[in-house]
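Engineer: A structural model of the following input is requested.
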Amino acid sequence: MKHRILQVGCGGISNSWLKIFANRKNIEIVGLVDINKNAAYNKKNEYNLECEIFDNLNTAIKATIPDIVIDNTIPEAHRNVVITALESGCHVFGEKPLADTFENAAEMVKKANDTQKSYFVVQNRRYLKHIRAYKNIIESGAIGDLGYLTANFHLGPHFGGFRDAMDSPLILDMSIHTFDQARLISGSDPISVYCHEFNPPGSWYNGSASACCIFEMTGNMVFSYNGSWCAVGNETSWQSEWRAMGSLGTAIWDGENSPFYEKAIKKEGDNSRREFERITPEYEYNSEEGHAGCINDMLRAVEENREAETDCKDNIKSFAMVMAAIKSSKEGRKVYMREIC
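Structural biologist: Purely as a prediction, here's the structure:
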C-alpha cells in the first residue's frame, strides 16, 4: 500500500518526518505546504523531492489528493489544519500537543469520529526500548502493586521562537511527553492534579519554565512531576528520570540506560536490617525507536484499519493532564479531570 503524503509545516520539526519518509518505498510526498513558501522550497531541495509547493491547505488538498496529511504546524494552528484535512477525507498524523486548548482538542476528536478518519498524535518517547522494558517491569508485577511514580525533568534548551514567549512553555509544550509516558508506564489515567508553576532566577523564558505537579491516578496511584526547562547543569535525559515504588520493590530508569528494580531479600530472623537484590531484566524490542517507531505504528494502523497507540481518542487523556495542570496553577487549587473533560 502506497501512501500519498501532504506535509503541512516546513519548520525544523519537519526534518524528523521527512528523513523517515525519504527511506520509505511506500511513501510518496505529493506536496509541501507552508505560509512561508521559501521554507517549503528549502525542504523540497534539501530532500530532493518532486512535489508541488503551496501556501494554502485547501488548495493543496484539492491539487494533490493525499490520503494522509502531516501536521507540523504550531499548536495554535492544529485545529484548523486537522479539521480541514479530516473533512477532506484525509487521515492526519500530527505533532504534539494535540491542540492548544481542550475545547479545540475535543472538537478535533469528535471530527475524527464523525468522519471515520484517523487523527494520530506523535508521542515519540513511548517508542523506546528502555521505556518498554520499564513498563514491562511494572506490568509484570515484579515490584508488586504500583503506588507511587515520580519523574524528574531538568533541561535548559535555548530554542528561541514561540516557546520563549509562551505563558507556560514547560507544561504546555513539553510536559505532554512525560505525562503521556506516565500513563504508558503505569497503565493508569488521571483523576486530579495540583500544579505550581514558577519562573526561577536565570530563566530566559517570559512565562513559567518550571513546575511541580501531583496527580492522583486510577488504581490508587500517585504520579509526581518535577520539571524545569531552564536548568543549568546536571541535566536529566529528555526522557526524564523515573522512580516507581511498588508494594514489593522499586524500579528505576534514568531515561537513557536499561531500567532495573530492587526487591527485598527474605531472611530468617532479624528484619530490622533489610537487604535487597538488584535485577536488570532482559527485554526484546523489535521496532525502530522514536519518531520512526511512532510513525511506523501510525502507518500500520491505517493499513490495518485500527487505532494507533497514540490515537487522538487516547491522547486526549494525556492532553487533559496538561490543561488541568495549567488550570490548577492559575487558580491555585486542586483540579479534577472532570472539570476539564
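
Engineer: neighbours around the closest residue in space to A264 that isn't next to it in sequence, how many?
Structural biologist: Leaving aside its chain neighbours, A264 sits nearest to R274 (5.0 Å; criterion: C-beta to C-beta, 6 or more residues apart in numbering). (Glycine included, C-beta is placed from N, CA and C.) When neighbours are counted by other C-beta atoms under 10 Å, R274 registers 10.

Engineer: thought R274 was touching E262?
Structural biologist: No: using C-beta atoms under 8 Å, R274 makes no contact with E262, being 10.4 Å away.

Engineer: Can you tell me the SS state at L149?
Structural biologist: strand (DSSP: H, G, I helix; E, B strand; the rest coil).

Engineer: what do you get for W204?
Structural biologist: coil.

Engineer: how far away is it from V232?
Structural biologist: Relative to V232, W204 is positioned 11 Å away (C-beta to C-beta, to the nearest Å).

Engineer: now do N315
Structural biologist: Taken as C-beta to C-beta, the span from N315 to V232 is 32 Å.

Engineer: Comparing the two, which shows the higher neighbour count?
Structural biologist: N315 (26 against 11).

Engineer: any idea which helix or strand carries that one?
Structural biologist: Assigned by DSSP states H and E, N315 falls within helix 312-331.

Engineer: buried stuff in that helix?
Structural biologist: The neighbour-count check on helix 312-331 (16 or more other C-beta atoms under 10 Å) flags 312, 314-316, 318-329 as buried.

Engineer: Of those residues, just say which sits nearest to C341.
Structural biologist: Nearest to C341, judged by C-beta to C-beta, of the buried residues of helix 312-331 is A320 at 5.6 Å.

Engineer: got the contact list for the closest one?
Structural biologist: Residues in contact with A320 (C-beta atoms under 8 Å, 6 or more residues apart in numbering) are F102, P190, M337, I340, C341.

Engineer: Count the neighbours of the third one for me.
Structural biologist: When you say that, I think you mean M337. Neighbours around M337, by other C-beta under 10 Å: 18.

Engineer: Any figure for the gap between the nearest residue to it once chain neighbours are set aside and N38?
Structural biologist: Distances taken as C-beta to C-beta, 6+ apart place P190 nearest to M337, at 5.2 Å, with adjacent residues excluded. From P190 across to N38, the span is 42 Å (C-beta to C-beta).

Engineer: who has more neighbours, the two?
Structural biologist: P190 (23 against 10).

Engineer: my read: that one touches F319, true?
Structural biologist: No: using C-beta under 8 Å, P190 is not in contact with F319, being 10.6 Å away.

Engineer: Name the SS class of the residue nearest to A264, please.
Structural biologist: Secondary structure, three-state DSSP: R274 is coil.

Engineer: Sheet partners, orientation included, of the helix or strand containing R243?
Structural biologist: R243 is part of strand 241-246 when elements are defined by DSSP H and E. In the sheet, strand 241-246 lines up against strand 146-154 (antiparallel), strand 249-253 (antiparallel) (DSSP bridges).
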